[in-house]
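Participant: Have a look; sequence and predicted model below, questions after that.
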Amino acid sequence: MKTLKAVVPRMLVFFILLMVITGLVYPLVVTGISKVFFNDKATGSIIEIDGKKYGSSLLAQEFTSDDYLWGRIMNLDTGTYQNEEGETLAYSWASNKTPAGEELESMIAERVEKIRRANPDREGEAIPVDLVTSSGSGLDPHISPAAAEYQIPRIAKARGITEDELRAVIDRYTDGKFLGIFGEKRVNVLEVNLALDGILK
Amino acid sequence: MSNVVIQCVLYLVILVALGIPLGKYMGKVMNGEKVFLSKVLSPVEHGIYKLLHIDKDEDMTWKKYAVCTVVFSVIGFIFLLVMCLGQGILPLNPEKFGGQSWHLAFNTTSSFVTNTNWQAYSAENPSGGLSYFTQMLGLNVQNFVSAATGIAVLFALIRGFLRVKKKGLGNFYTDMTKIVLYILLPICLISAVVLVSQGVPQTFREYEEVDLLEPVTLEDGTVVTKEVIPLGPAASQIAIKQAGTNGGGFWGVNSAHPFENPTPLSNMFEMILLLLIPVGLCFTFGRNIKDMRQGRAIFIAMFLMLVVALGIVAFNEQAGTPKLAQNGAVDIAAGADQAGGNMEGKETRFGIATSSAWAAFTTAASNGSVNSMHDSYTPIGGMIPMLLMMLGEVVFGGTGCGLYGMIGFAILTVFIAGLMVGRTPEYLGKKIEPFEMKMAVLVCLATPIGILIGSGLACLLPATADSLNNPGAHGLSEVLYAYSSAGGNNGSAFAGFNANTPFLNVSIGLVMLFVRFLPMLATLAIAGSLVQKKKVAVSAGTLPTHNAMFIFLLVFIVLLVGALSFFPALALGPIAEFFQMIA
């Protein structure tokens, strides 16, 4: 009991001191450095053109028209967020479905049907797996180059451009592996679509 | 497959290459030797001692050290609990989140004070979410100090082995101050800036709202034209959640979220960070007990288990499942232009190799952050992370606590080996007697007890079925994973499982507190007993604890305790699911 009485007051001050250092000074220093050197990235990598915000280059949006590149399957959440005017704001989460279960099996079968219908030129070809699965975040902004290539005939036809023109746009928004080794090659879906619409140049 | 192998091998090489020098640095810092940061930090350090009237030469007995540890944790607990409950009236809350419910607040607080970072909430979800204030001054602070507490206790144990016929185990205040100032802060400061450079937000602005390029029409005909973009001071918190083996995501889906982990480079940083200090501490241990071979032996035992685990996960995830392949309609083969494999729950930029490596790393360390959804792993690919947690988080484990847990197993091993050959067991020159054995058993068995009793009770309650996201054997895996995560102080999840119910919040919270503080106090008791003993000279009768034989025995004992405790439960969960899948 005697030790306890001696320890508690000093420990309280000690805790508060550590709290100030790690919970206030440290994040504020990082915020300061970020503001000076990486302001755009520190505030969400928002794509802003002529004063209009088109989304974040890091967060996926859902595309279903034939003339847009489609991304990973999203599990859209339209019940959680609203703005002050009461309008629904979309967000997305992971599915957390087991890939060994029948539920996901039938969901994928439906997606396969839909994608085949939309891409008649690809009849008989297997669909890249990332087009029929949802991502870890539900907000994955990328698809694999294979998944982009698969959609080229459809988009080219819908937009009346050549496949090579389209391929050039996709290439521009494709990132390689880090140092050619780590991670995977990927295409940024939103950026490609903004470029196709002539918004992103 | 070669892509997967090359990436995994390189991740391991980088990890060890950085861990060795860091281990040396940490050893120097804790011994009070001069390091390159001393010039800058020493005045700050001594300023703190002066300000608080701390007698830096005080040498605490194990009991005083234990009292300090517990009092410090209790104070932290109270602060965090108040923030979780009262954030509605606190500042830095642009989204105007209300306080958490009592049981969720209890769960969150237990989780972060115990270095678990289990999250029954999603921080950006208005229901149960957390304000910038709570994240920064609550969670972020616990990320630092709970990690530091684990390391401090480890150093008390090291001194127990090193000192002869003494009472003191060191000074809690100076240990904590040094760990935070010299080790955690510099690592985090650099990492956080690198993360921002890759696109991790670090701002106090409110969430953004932008127009969708293509409006979404819902099934009921409503058209959604806008999306929300969550923001916050994330980078600073993500750096420490990785480095301190905490793992609590700034947003719900953790490091799978493109904002938490935007690029392969940010991923490499975060992934190496999550194992860096636990790996380094193995070498610190060898250095500071003045016998590098002992640290190396423990490192090799841990490393072997990690490599095997990683191999199994990567193989299974790359192979995928028949349900994904759809009789050839879906292409799951790896190629130059796609990662292939089981991409459900995985991000395109990470693919199979980087996701599998993370899964193994994060459950080997008691980190628990994820860059892919473990709930969507193949049955065996998801069983391995679970098993790593069930082993008691001793395959590197949490900062400090992983290594002292493993030393508990080493004591158990010398005891069992001693029984077999009829020798008095000793470890690092100290005799292991009944008291140390009893305490070591507490260290080793706390996890199995916490997991099995917790998940057993949960399965008996009919209401638990409502929390499941997948039916059948995988559903049992979800429950088992939740309690394994709590019982290993890990914090990762089969995230489809809805753990935010009063029973689950309270029971999981209690398991986390039990498995954190029982082994911690038992370890300090062992240290307190060892420090008073004389050093036994090495003789022909001493069992060497640095050779291949001992490494093998140690791994064997760890797996034995794990397998005996958990095989029946695993057989009903992931193993049953595996056989259903291939049937």
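Facilitator: Happy to help now that I have it.
Participant: B:Pro43: neighbour count?
Facilitator: 10 (other CB atoms under 10 Å in any protein chain shown). Quick note: C-beta positions are derived from backbone N, CA and C, even for glycine.
Participant: err, B:Ala569, not the other one
Facilitator: Neighbours of B:Ala569 using other CB under 10 Å come to 23.
Participant: in a helix, that's where it is, yeah?
Facilitator: Yes: B:Ala569 sits within a helix when classified using DSSP: H, G, I helix; E, B strand; the rest coil.
Participant: distance of it from B:Gly487?
Facilitator: For B:Ala569, the distance to B:Gly487 equals 12 Å [CB to CB, to the nearest Å].
Participant: so what's A:Ser106 up against?
Facilitator: A:Ser106 makes contact with no residue, according to CB atoms under 8 Å, 6 or more residues apart in numbering or on different chains.
Participant: quick one: what helix or strand has it in it?
Facilitator: helix A:102-118 (DSSP states H and E).
Participant: buried residues in that helix?
Facilitator: Using 16 or more other CB atoms under 10 Å in any protein chain shown as the test for burial, helix A:102-118 gives A:Leu104, A:Glu105, A:Met107, A:Ile108, A:Ala109, A:Arg111, A:Val112, A:Ile115.
Participant: In this structure the last one contacts A:Ile127, no?
Facilitator: Yes: taking CB atoms under 8 Å as the contact criterion, A:Ile115 and A:Ile127 are neighbours in contact, 5.5 Å apart.
Participant: Does B:Asn246 belong to a helix, a strand or coil?
Facilitator: B:Asn246 - assigned by three-state DSSP - is coil.
Participant: Wait, it touches B:Thr114, no?
Facilitator: No: in this structure, B:Asn246 is not within contact of B:Thr114 by CB under 8 Å, at 10.0 Å.
Participant: any shared contact partners between those two?
Facilitator: B:Ser146.
Participant: Contacts only, for B:Leu480.
Facilitator: Counting by CB under 8 Å, 6+ apart, B:Leu480 has contacts B:Met386, B:Ile451, B:Ser455, B:Ala569, B:Leu570, B:Gly573.
Participant: Strands of chain A, residue ranges please.
Facilitator: Shown for chain A, the strands assigned by DSSP state E span residues A:46-49, A:52-56, A:75-82, A:88-93, A:127-128, A:142-143, A:174-175, A:186-188.
Participant: Of these, flag the one that's most buried.
Facilitator: Of these, the one with the most neighbours on average (mean count of other CB atoms under 10 Å in any protein chain shown) is strand A:142-143, at a mean of 28.
Participant: Output the contacting helices and strands for that strand.
Facilitator: Packed against strand A:142-143 by the contact rule (3 or more CB pairs under 8 Å, 6 or more residues apart in numbering or on different chains; DSSP states H and E) you find strand A:186-188.
Participant: The strand it packs on - which strands sit beside it in the sheet, and in what orientation?
Facilitator: The strands beside strand A:186-188 in its sheet (DSSP bridges) come out as strand A:142-143 (antiparallel), strand A:174-175 (antiparallel).
Participant: With mean pLDDT added, can I get those in CSV?
Facilitator: Listed next are the strands paired with strand A:186-188 as CSV, based on pLDDT from 0 to 100:
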stretch, mean pLDDT
strand A:142-143, 97
strand A:174-175, 96
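Participant: returning to what we had before: out of the contacts of B:Leu480, who has the most neighbours?
Facilitator: B:Ile451 (28 neighbours).
Participant: Can you give me the buried ones in the helix or strand hosting B:Ile298?
Facilitator: For B:Ile298, the enclosing helix or strand under DSSP H and E is helix B:292-319. Within helix B:292-319, the residues that qualify as buried are B:294-303, B:305-306, B:309-319, counting by 16+ other CB under 10 Å.
Participant: Can it be said to contact chain A?
Facilitator: No: using CB under 8 Å from any CB of the partner chain, helix B:292-319 stays clear of chain A, coming no nearer than 9.3 Å.
Participant: Skip ahead from that helix and say which helix or strand is next.
Facilitator: helix B:322-325.
Participant: Which elements pack onto that next one?
Facilitator: By 3+ CB pairs under 8 Å, 6+ apart, helix B:322-325 packs against helix A:102-118, helix B:576-582.
Participant: Just the C-alphas of that helix, formatted as CSV.
Facilitator: Provided in CSV are the C-alpha atoms of helix B:322-325 (Å, rounded to 0.1, in the frame of the first residue of the first chain):
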residue,chain,number,x,y,z
PRO,B,322,-12.1,-24.8,-57.1
LYS,B,323,-14.9,-22.4,-56.3
LEU,B,324,-12.9,-19.5,-57.5
ALA,B,325,-11.8,-21.3,-60.7
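Participant: Check which residues of it are buried.
Facilitator: B:Lys323, B:Leu324, B:Ala325.
Participant: Within its sheet, name the partner strands of the helix or strand following that helix and how each one runs.
Facilitator: Per DSSP H and E, the first helix or strand lying C-terminal to helix B:322-325 is strand B:330-331. Strand B:330-331 has its sheet partners listed here by DSSP bridges as strand A:127-128 (parallel).
Participant: So which bits of the longest helix seen in chain A are buried?
Facilitator: Secondary structure assigned by DSSP state H gives helix A:2-20 as the longest helix of chain A. Buried positions in helix A:2-20, judged by neighbour count with 16+ other CB under 10 Å: A:Val7, A:Met11, A:Phe14, A:Phe15, A:Leu18, A:Met19.
Participant: in chain B, what residue is nearest chain A?
Facilitator: With CB to the nearest CB, the shortest gap between chain B and chain A falls at B:Pro264, namely 2.5 Å.
Participant: Can you tell me the closest non-neighbouring residue to that residue?
Facilitator: Once flanking residues are discounted, B:Pro264 sits nearest to A:Gly183: 2.5 Å by CB to CB, 6 or more residues apart in numbering or on different chains.
Participant: again, but for B:Asn3
Facilitator: With sequence-adjacent residues excluded and distances taken as CB to CB, 6+ apart, B:Asn3 is closest to B:Ala353, at 6.2 Å.
Participant: what's the answer for B:Gly286, then?
Facilitator: Nearest one to B:Gly286, counting by CB to CB, 6+ apart, is B:Gly295 at 2.2 Å.
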